[in-house]
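*Asks:* Need coordinates for the following:
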Amino acid sequence: MEALWDDLSKPEADVDSPAWHNDVLKETEARVASGQERIADWETAKRELRKRFE
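*Replies:* Numbering: from 1, shown residues only. The predicted model follows:
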């Protein structure tokens, strides 16, 4: 548990993001810019997911 907590409590700048993550973020940003995808706040997203899967 302590090792996990130590890892989670690192400052953001000390956490290396995997290379693929940047690619996925760029793809998502492009879909949002083109109107293929929209941004929803967390409450709206949860509500829509619950409707879809209930």
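
*Asks:* contacts, neighbours, all on C-alpha from now
*Replies:* Will do.

*Asks:* Going along the chain, name the strands of this structure.
*Replies:* Ranges of strands within the chain: none, based on DSSP state E.

*Asks:* longest helix anywhere in it?
*Replies:* helix 19-34 (DSSP state H).

*Asks:* what distance separates that helix from the centre of its chain?
*Replies:* Relative to its chain's centre, helix 19-34 lies at 11 Å (Cα atoms, centre = their mean, to the nearest Å).

*Asks:* Can you spell out which helices and strands pack onto that helix?
*Replies:* If you count contacts as 3 or more Cα pairs under 8 Å, 6 or more residues apart in numbering; DSSP states H and E, helix 19-34 packs onto no helix or strand.

*Asks:* For the residue most central in space within the chain, give its distance to residue 1.
*Replies:* Compute the mean C-alpha point of the chain, and by Cα atoms, centre = their mean the closest residue is residue 25, 8.4 Å away. Between residue 25 and residue 1 the distance is 30 Å, computed by Cα to Cα, to the nearest Å.

*Asks:* Give me the contact list for the longest helix of the chain.
*Replies:* 37, 38, 39 (Cα atoms under 8 Å, 6 or more residues apart in numbering).

*Asks:* which residues touch the first one?
*Replies:* The contact partners of residue 37, taken as Cα under 8 Å, 6+ apart, are 28, 31.

*Asks:* Now with 7 Å, please.
*Replies:* Each residue near residue 37 by Cα atoms under 7 Å, 6 or more residues apart in numbering is listed here: residue 31.
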